[in-house]
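Colleague: Show me how the following folds:
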Amino acid sequence: SIGQYVQVTIKDANVNGIDKDGFTVEATEKREANSVLDYTAAGFIARSNSTKVENAHVTNLKSVTAANDGGYAAGFVAISKTGGLAEVGEDKTQVKSLIKTNGLVTAISYLIPSYTNCTVSYVDGGSVTGDVAGGFTADFQSGTVNNQALGKGKYYAVYNIGSVNGQSYAGGFAGRAYSGALADASKGISILGGLTGVNINLSDLLSVINAYVPYIQYAGVKSNDGFTVTAKKLTEDTTVGSAGGFVGYASGAQISYSDVTKLKHTIVKAPDNLEDTSAPTYLNAESTYAVTGGRYAGGYVGDMDIGSAASVGGGLKVLGNAVSVSGILNALSVVVTTIEHSDVTGGPGGYAILATGDLDKGKVGMAGGYAGGIYGGHIQD
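Modeller: Predicted structure coming up:
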């Protein structure tokens, strides 16, 4: 009974632009000095908390634009996260009753956003521009995406995108996909763990942690003429400046059966003197790249990392001495980034990747055909 009040359901809803010219979406404001406000724009939902979306499609989208500082822009949903657990947990009597009746995992299932059979299609040259930018989602903190029911050959979430232009993070599907909502979840779990007469065992807690990890399945990116991805900002945050054909930054994300087809073939000019270590033509306007990242650039993922281990620890504290070393390892394994059965291809002539870096400021650029940087996780076919 509590769940139905915190869950929003959208089914069989379409947003359609006109043929060829499409439609545009823009968040016009930008951050002022010392502001932390977010400005979000998307083809379908700008900000989604605990939303269940099924059979929803955006067609003929031309562009989505948000600010270069604090702006989140995406083709379908700009920011997706799980809301409510910590707040719901404040009413201990209500939550205690809910858990006893249905179990903690059942309760939380109401709060996890999901997108089933959801797609966005761009007109020729369609683009997304913002500080954090993604063809489908900009900032995917938790939730599930699954388009398997659309059928073989249609396992895509993004169609015909031309370019994703980010500052901090950019990806053909997502700018960032990470278990960010788990930090708030651990606060809620701690509240629940303090309830008398409520038994939260390890298997329940692992299921709770699992619920907060982003799951993206059968949700590839397909472009007719190829597309480019850029995120060149460099700050003291070591993840900023991550660009990837599918996702710029992945942390604690589970991705499978989501291909990138295809990155754009661009012209890269070699210097006249191949022994010239400054390689000027590689870095000046004479060369262009399919994926360009300030710190990390990859054909599929810019930077992949283990997610929210500290938050997992916060949740485990509620069980005290009942958690064994193996239990902790099981919990941590949930937030290891995994990419399976997900390929990346380029247009005829291949694709090129560049990580610009800034050695004068101690910021090294790392680039790879599939991944720019890997700091924990699994990639397997």
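Colleague: Direction included, what does the strand or helix carrying residue 79 pair up with?
Modeller: Using DSSP states H and E, residue 79 falls within strand 77-81. Using DSSP bridges, strand 77-81 pairs in its sheet with strand 45-49 (parallel), strand 137-140 (parallel).
Colleague: any residues touching it, and which ones?
Modeller: Strand 77-81 is contacted from outside by 38, 40-42, 44-49, 51, 66, 72, 113, 115, 136-143, 180-181, using C-beta atoms under 8 Å, 6 or more residues apart in numbering. The C-beta positions use only the backbone N, C-alpha and C, and glycine is treated the same way.
Colleague: Can you point out the buried residues in that strand?
Modeller: Judged by neighbour count using 16 or more other C-beta atoms under 10 Å, the buried positions of strand 77-81 are 77-81.
Colleague: Helices along the protein, start to end?
Modeller: 3-6, 85-88, 92-102, 104-109, 182-193, 202-211, 280-283, 309-316, 325-334 (DSSP state H).
Colleague: And the pLDDT for the residue lying closest to residue 45 once chain neighbours are set aside?
Modeller: Once flanking residues are discounted, residue 45 sits nearest to residue 77: 4.6 Å by C-beta to C-beta, 6 or more residues apart in numbering. In this model, residue 77 is scored at 98, pLDDT.
Colleague: The one 3 residues further on too?
Modeller: The predicted local confidence for residue 80 comes out at a pLDDT of 93.
Colleague: That one and residue 262: what is the separation?
Modeller: According to C-beta to C-beta, to the nearest Å, residue 80 and residue 262 sit 26 Å apart.
Colleague: And residue 164, by the same measure?
Modeller: From residue 164 across to residue 262, the span is 14 Å (C-beta to C-beta).
Colleague: Between these two, which is the more surrounded one?
Modeller: residue 164 (37 against 21; other C-beta atoms under 10 Å).
Colleague: beta partners for the more buried one?
Modeller: Counting by DSSP bridges, residue 164 forms beta bridges with residue 128, residue 229.
Colleague: Could I get the contacting residues of it?
Modeller: Shown in contact with residue 164 (C-beta under 8 Å, 6+ apart): 127-128, 133-135, 170-172, 175, 227-230.
Colleague: Where does pLDDT dip in the chain?
Modeller: 1-6, 83-107, 181-210, 307-334 (pLDDT under 70).
Colleague: Report the separation between the residue nearest to residue 45 and residue 212.
Modeller: Noted for residue 77: a distance of 17 Å to residue 212, by C-beta to C-beta.
Colleague: same deal with residue 256?
Modeller: Taking C-beta to C-beta, one finds residue 256 at 18 Å from residue 212.
Colleague: In terms of neighbours, single out the busier of the two.
Modeller: When residue 256 and residue 212 are compared for neighbours, residue 212 comes out ahead with 32 against 16, by other C-beta under 10 Å.
Colleague: my read: the more buried one touches residue 112, true?
Modeller: Yes. The criterion here is C-beta atoms under 8 Å, and residue 212 meets it with residue 112 at 7.4 Å.
Colleague: Check the separation of the first and last residues in stretch 31-47.
Modeller: Taking C-alpha to C-alpha, to the nearest Å, stretch 31-47 runs 17 Å from one end to the other.
Colleague: So what touches that stretch?
Modeller: 15, 25-27, 29-30, 51, 53, 56, 58, 61, 64-67, 69-79, 118, 120, 130, 137-138.
Colleague: how about it: buried residues?
Modeller: 31, 38-47.
Colleague: Output the residues you listed in CSV, with distance to residue 8 appended to each entry.
Modeller: Formatted as CSV, the buried residues of stretch 31-47 follow (distance: C-beta to C-beta, whole Å):
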residue, distance to residue 8
31, 27
38, 19
39, 21
40, 16
41, 19
42, 15
43, 18
44, 13
45, 9
46, 13
47, 11
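Colleague: Between which two of those is the distance greatest?
Modeller: Spatial extent of the buried residues of stretch 31-47 (C-beta to C-beta) is set by the pair 31 and 44 at 24.0 Å.
Colleague: what about the residue of the chain most remote from its centre, distance to residue 255?
Modeller: Going by C-alpha atoms, centre = their mean, the residue of the chain most distant from its centre is residue 273, 40.8 Å out. According to C-beta to C-beta, residue 273 and residue 255 sit 42 Å apart.
Colleague: Now do the contacts for residue 169.
Modeller: Taking C-beta under 8 Å, 6+ apart as the criterion, residue 169 is in contact with 131-133, 138, 175-176, 231, 239-240, 242-243, 248-249, 302.
Colleague: Residue 354 now?
Modeller: By C-beta under 8 Å, 6+ apart, the neighbours of residue 354 are 282-283, 287, 289, 291-293, 297, 365, 367.
Colleague: Buried by neighbour count, from those residues: which ones?
Modeller: Using 16+ other C-beta under 10 Å, the buried ones in those are 282, 287, 289, 291-293, 297, 365, 367.
Colleague: Is it possible to get a markdown table of those that adds distance to residue 19?
Modeller: Listed next are the buried ones among the contacts of residue 354 as a markdown table, based on distance: C-beta to C-beta, whole Å:
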| residue | distance to residue 19 |
| --- | --- |
| 282 | 40 |
| 287 | 35 |
| 289 | 31 |
| 291 | 30 |
| 292 | 31 |
| 293 | 34 |
| 297 | 34 |
| 365 | 41 |
| 367 | 38 |
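Colleague: Looking at those, which one is closest to residue 149?
Modeller: residue 291 (30.3 Å).
Colleague: Okay, and the beta partners of that closest one?
Modeller: Assigned bridge partners for residue 291, using DSSP bridges, are residue 229, residue 353.
Colleague: And the strands in the stretch 1-150 of the chain?
Modeller: Here the stretch 1-150 of the chain has its strands, by DSSP state E, counting those that start in this stretch, at 8-16, 23-26, 39-42, 45-49, 51-65, 71-74, 77-81, 114-134, 137-140, 144-146.
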